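> let me see the structure of the following:
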Amino acid sequence: LIISIDQEGGLVRRFTEDNLGNPREMSVINDETFCDDIKDSSRWLSELGVNLNFGIIADIAWTPESIMYERSYGADPGTVSKHVAEAIQCTSGVKTTVKHFPGHGRSQIDSHYAIPSIPLSYDEWKKTDAVPFKAAIQNNIDVVMIGHLIFPNIASDPASLSPRFVKEVRDLGFEGIVITDDLGMLEAAGLDPADSMKKALVAGNDVLLYANTNAQPENLSQQAIDFVKQKGIPEEELNEHVRKILKVKFHL
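Reported below is the predicted structural model:
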């Protein structure tokens, strides 16, 4: 089984015994200490039985008002890219994830409660918020988490439900697992759980993440199975998703 956790350090710690700092704090320490701290934290997770950490933030917190300010490595693409690459290279014992594609750092809204809208052009996105994700992919990140963010000048759906944005991940050269952020978060914005599940599958995500949902999990699971049986996704496409998951499991 893939046993996953949100252990970013600082504000987002599921195991509070881990003393890893906020990304904002980590960004100002020297490279050797940064690497040692990431290595110690990831090895500790591995010893506890975790094998996948949703741990690396590639969002750029452009202003102090950003909802991601404490959780981001900085306010410019270069700084964030540098630390994202270091965090990937220093992680030991577990697979790791970069998030929240295509970039949550321009928003002051928490996507746990509403869907942020970020009116950025495609060309500007490619030159700015996309850069740390590209760096992560070039440094062989295992998993990319796609967020519940609407970029209305690029696609009308939240990125997690958008074929356009899943394709953008692939166009950056990523061949690993694309996972949604917690799909239960979309319920707070009024989206129907079954509709979100189907859209996330059609969009091309490899794994659908549910941490909190008001729906019955067994009902959603059955609806997903029924949707696939009804050819909601072509069989070869489904097999390709499974291959990606099995490849990661093989290397655990």
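
> quick one: the strands in the protein?
4-5, 7-9, 12-13, 52-57, 95-101, 143-146, 177-180 (DSSP state E).

> rank those by pLDDT, which is bottom?
Comparing mean pLDDT across the strands of the chain, the weakest is strand 12-13, with a mean of 90.

> can you list contacts of that one?
Residues from elsewhere that reach strand 12-13, judged by C-beta atoms under 8 Å, 6 or more residues apart in numbering: 6-7, 20, 71. All C-beta atoms are positioned from the backbone trio N, CA, C, and that covers glycine.

> mind redoing it with 6 Å?
Strand 12-13 has contacts (C-beta atoms under 6 Å, 6 or more residues apart in numbering) with residue 6.

> what pairs with that strand, parallel or antiparallel?
Neighbouring strands of strand 12-13 in its sheet, by DSSP bridges, are strand 7-9 (antiparallel).

> to the chain's geometric centre, what's the distance from the partner strand?
Relative to its parent chain, strand 7-9 has a centroid offset of 13 Å by C-alpha atoms, centre = their mean, to the nearest Å.

> give the buried residues for that strand.
7-9 (16 or more other C-beta atoms under 10 Å).

> if we can go back for a sec, nearest to residue 165, out of the strands of the chain?
strand 143-146 (6.3 Å; C-beta to C-beta).

> quick one: strands adjacent to that closest one?
Checking strand 143-146 against DSSP bridges gives partners strand 95-101 (parallel), strand 177-180 (parallel).

> now render the ones you listed as JSON lines, adding distance to residue 63 and mean neighbour count.
As requested, the strands paired with strand 143-146 are exported to JSON lines (distance: least, C-beta to C-beta, whole Å; neighbours: other C-beta atoms under 10 Å):
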{"stretch": "strand 95-101", "distance to residue 63": "17", "mean neighbour count": "25"}
{"stretch": "strand 177-180", "distance to residue 63": "27", "mean neighbour count": "24"}
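
> now do the helices in the stretch 151-252 of the chain.
Along the stretch 151-252 of the chain, the segments classed as helices by DSSP state H, counting those that start in this stretch run 163-171, 193-203, 217-229, 235-250.

> buried deepest among those, which one?
Stretch with highest mean neighbour count among the helices of the stretch 151-252 of the chain: helix 193-203 (a mean of 20; mean count of other C-beta atoms under 10 Å).
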